[in-house]
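**Student:** 3D model of this:
(one chain, ligands or ions: 1)
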Amino acid sequence: MTSRSITELAVIISTNTAKVNRYLLAKKLPLPSFNVDAPNKSLIDPQESPEVEAARIQIIDASLMIHDLMLGPKGHLMSFNHNSLLSMQAISQFKLVSTIPIQGEATFGEIAERSGINEGDVKRILRHSMTKRIFKEPRKGTVAHTAASKLMAEDTQMADWVGANTGELWQAAAQTVPAMLKYPGSQEPNETGFSLANHSDKSTFAILSQYPKRAKRFGNAMRAYTEGTGFDVQYVADNYPWAGFENGTVVDVGGSHGSACITLSAAFPKLNFIVQDLPQVVAGGPGTLPLDMANKIEFMAYDFLKEQQPVKDADVYFFRWVLHNWSDKYCIQILRNHIPSLKKGARIVINEYVLPEPGVLPIYLEERLRSMDLTMMEVQNSRERDLDDWAKLFLKADKRFVFKGGKQPEGSSLWILEVEWK
Ligand SMILES: C[S@@+](CC[C@H](N)C(=O)[O-])C[C@H]1O[C@@H](n2cnc3c(N)ncnc32)[C@H](O)[C@@H]1O
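**Tutor:** This is a model prediction of the structure:
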């Protein structure tokens with residue numbers, strides 16, 4: 001995209017916008033808008049119409065490029081502005097979304113009275129956020145919702161995403177360079193920007209566990225991120241040869257309450273599943289199981305950092321969104337803790353992000369992955385990995401782990417990677 005002229009970019013935007021428009025009209029779907037009653041997300045179904053989804057991504061990519069070119073290098077650099085997060089943090093902290101009726105209006109004075117902050121500050125915060133399409137001022141002095149502010153008012157997960165993004169992660173990000181200076185090259189989860197932002201020498205998980213309300217908000221924020229298209233476990237069910245293990249055993253390591261196993265068990269009822277996690281987590285698992293799966297999915301307390309894998313000779317040890325939480329040092333420890341229990345031919349199956357080669361993906365998608373990688377550094381001193389990183393990690397853990405690569409199913413955000421124990 002970088003070498004295209006502005007007129008070529010304009011053609012890409014125009015052609016692909018026509019495609020998206022045709023799709024929406026043909027399906028009688030509303031056109032994109034920030035009006036209060038507009039849909040709060042893209043209505044294109046990426047699984048059903050991948051080519052229209054590709055057109056949408058091309059529009060975003062080309063319009064970002066043309067936007068940046070029109071700003072020019074100086075304007076572009078200066079557009080990296082921390083204040084969008086300040087107005088969002090204030091909106092979240094002072095619960096400003098609930099001070100304005102969804103279909104009505106409120107004056108700055110009324111919002112000030114309802115939120116307990118002074119009118120001048122309300123006005124400057126909201127007028128800034130309006131430049132980001134969060135709230136609008138239909139008449140001078142009155143504020144109304146847009147689709148974006150309404151989403152924060154009506155969707156608890158999104159409200160918590162904004163709260164955690166600004167109240168936790170932004171603070172952690174600001175302390176990450178100080179953490180790099182204080183603990184150069186650290187792989188420890190308690191030497192992060194998050195730890196410094198909390199004046200603590202504990203890990204993010206340990207800090208949050210002391211504050212149930214913050215922990216709940218953080219958990220909700222994570223769910224807001226993952227519960228979209230692209231993270232469905234069905235991709236793993238459909239794109240890995242589970243049936244080949246017949247009535248074998250799959251261990252879901254760090255499997256939380258077993259939601260992945262519920263999906264896999266529905267698709268492969270002959271398989272047996274064991275969900276392992278920390279004791280306080282698995283305690284909540286059995287209650288979430290459908291009755292007919294109770295004899296197919298077992299829960300087991302297991303600390304993968306401290307103990308050897310207790311389930312010997314399973315066919316598959318499945319790690320979904322677990323290893324990206326840990327630096328190489330701890331991943332190697334986790335993998336080595338499995339070695340005494342592995343039979344020849346046992347598989348380690350990983351369901352995680354894989355970082356792309358630079359410049360291959362549309363920049364909008366690459367930026368999201370690189371940003372996730374930085375988030376892992378801020379909160380855990382861990383990382384996202386590219387294919388080479390994954391291969392090297394297993395090689396470092398033990399030469400008998402043979403990395404067989406993997407694939408990213410069409411429409412899935414995560415990859416399925418496979419390793420065989422030889
Ligand atoms: C990001 S969650 C992924 C959960 C699940 N695999 C999924 O895809 O929804 C990481 C999981 O690792 C678990 N975990 C963290 N430390 C652990 C440890 N030392 N031993 C076992 N599980 C652990 C957490 O409790 C959490 O359930």
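
**Student:** how close does Ile207 get to the ligand?
**Tutor:** Note on Ile207: its distance to the ligand, by Cβ to the nearest ligand atom, to the nearest Å, is 15 Å. In short, each C-beta sits where N, CA and C put it, glycine included.

**Student:** Show me how the record splits this protein into domains.
**Tutor:** If you go by automatic domain parsing, the domain ranges for the chain are 6-78, 83-154, 156-223, 234-421.

**Student:** Make JSON lines from the ones you listed and add mean pLDDT and mean neighbour count to it.
**Tutor:** Converted to JSON lines, the domains of the chain look like this (pLDDT from 0 to 100; neighbours: other Cβ atoms under 10 Å):
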{"stretch": "domain 6-78", "mean pLDDT": "96", "mean neighbour count": "14"}
{"stretch": "domain 83-154", "mean pLDDT": "97", "mean neighbour count": "17"}
{"stretch": "domain 156-223", "mean pLDDT": "97", "mean neighbour count": "18"}
{"stretch": "domain 234-421", "mean pLDDT": "96", "mean neighbour count": "18"}
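
**Student:** which residues touch Arg370?
**Tutor:** Contacts here follow Cβ atoms under 8 Å, 6 or more residues apart in numbering; on that basis Arg370 touches Leu355.

**Student:** Could you confirm it falls within a helix?
**Tutor:** Yes - per DSSP: H, G, I helix; E, B strand; the rest coil, Arg370 lies within a helix segment.

**Student:** how close does it sit to the ligand?
**Tutor:** In this structure, Arg370 and the ligand are 19 Å apart, going by Cβ to the nearest ligand atom.

**Student:** for the stretch 251-400 of the chain, what spans make up the strands?
**Tutor:** When secondary structure is read from DSSP state E, counting those that start in this stretch, the stretch 251-400 of the chain shows strands at 272-277, 297-301, 316-320, 347-352.

**Student:** Take those strands and write them to JSON lines, including distance to the ligand.
**Tutor:** Formatted as JSON lines, the entries for those read as follows, by distance: least, Cβ to the nearest ligand atom, whole Å:
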{"stretch": "strand 272-277", "distance to the ligand": "5"}
{"stretch": "strand 297-301", "distance to the ligand": "9"}
{"stretch": "strand 316-320", "distance to the ligand": "4"}
{"stretch": "strand 347-352", "distance to the ligand": "7"}
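
**Student:** Any chance of a markdown table for these, columns distance to Ile57?
**Tutor:** Output for the strands of the stretch 251-400 of the chain, formatted as a markdown table (distance: least, Cβ to Cβ, whole Å):
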| stretch | distance to Ile57 |
| --- | --- |
| strand 272-277 | 35 |
| strand 297-301 | 37 |
| strand 316-320 | 25 |
| strand 347-352 | 21 |
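
**Student:** of these, which approaches Trp170 most closely?
**Tutor:** strand 347-352 (24.8 Å; Cβ to Cβ).

**Student:** residues in contact with Ser87?
**Tutor:** So, once contact is read as Cβ under 8 Å, 6+ apart, Ser87 ends up touching 125-126, 128-129, 132, 134.

**Student:** let me redo that: Val52
**Tutor:** When contacts are taken as Cβ under 8 Å, 6+ apart, Val52 is in contact with 19-20, 23, 44.

**Student:** So which of those belong to helices?
**Tutor:** Applying DSSP state H to the contacts of Val52, the entries found in helices are 19-20, 23.

**Student:** What does the pLDDT read for Met1?
**Tutor:** With respect to pLDDT, Met1 has a value of 55.

**Student:** And Cys331, how far from the ligand?
**Tutor:** If you measure Cys331 against the ligand using Cβ to the nearest ligand atom, the figure is 12 Å.

**Student:** ok, back up a step: mind putting the ones in helices among the contacts of Val52 into JSON lines with distance to the ligand?
**Tutor:** What follows is the ones in helices among the contacts of Val52, written out as JSON lines (distance: Cβ to the nearest ligand atom, whole Å):
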{"residue": "Lys19", "distance to the ligand": "34"}
{"residue": "Val20", "distance to the ligand": "32"}
{"residue": "Tyr23", "distance to the ligand": "32"}
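
**Student:** now, among these, which is nearest to Phe194?
**Tutor:** Distance from Phe194 was checked for each of the ones in helices among the contacts of Val52 by Cβ to Cβ. The minimum falls on Val20, at 38.7 Å.

**Student:** got the contact list for stretch 215-223?
**Tutor:** Residues outside stretch 215-223 that contact it (Cβ under 8 Å, 6+ apart): 156-157, 160-161, 163-165, 167-168, 208-209.

**Student:** how about the residues of the stretch 151-300 of the chain near the ligand?
**Tutor:** Among all residues of the stretch 151-300 of the chain, those adjacent to the ligand (criterion: Cβ under 6 Å from any ligand atom) are 254-256, 259-260, 277-278, 281.

**Student:** how about 8 Å then?
**Tutor:** Proximity of the stretch 151-300 of the chain to the ligand (Cβ under 8 Å from any ligand atom) is limited to residues 205, 222, 226, 233, 252-256, 259-260, 276-278, 281.

**Student:** Farthest pair within those residues?
**Tutor:** Once Cβ to Cβ is applied, these give Phe205 and Val233 as the farthest pair, at 23.0 Å.

**Student:** Columns distance to Thr375 and secondary structure on top of the contacts of stretch 215-223, output as CSV?
**Tutor:** Formatted as CSV, the contacts of stretch 215-223 follow (distance: Cβ to Cβ, whole Å; DSSP: H, G, I helix; E, B strand; the rest coil):
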residue, distance to Thr375, secondary structure
Thr156, 21, helix
Gln157, 17, helix
Asp160, 16, helix
Trp161, 13, helix
Gly163, 16, helix
Ala164, 11, helix
Asn165, 10, helix
Gly167, 14, helix
Glu168, 10, helix
Leu208, 15, helix
Ser209, 19, helix
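
**Student:** Next, the residue of the stretch 1-150 of the chain found nearest the ligand: secondary structure please.
**Tutor:** Scanning the stretch 1-150 of the chain for proximity to the ligand using Cβ to the nearest ligand atom identifies Gln47 as nearest, at 19.9 Å. Per three-state DSSP, the secondary structure class of Gln47 is coil.

**Student:** I figured it hits Gly411, correct?
**Tutor:** Yes - with contact defined as Cβ atoms under 8 Å, Gln47 counts as touching Gly411 (5.0 Å).

**Student:** Which neighbours do the two have in common?
**Tutor:** Common contact partners of Gln47 and Gly411 (Cβ under 8 Å, 6+ apart): Thr229.
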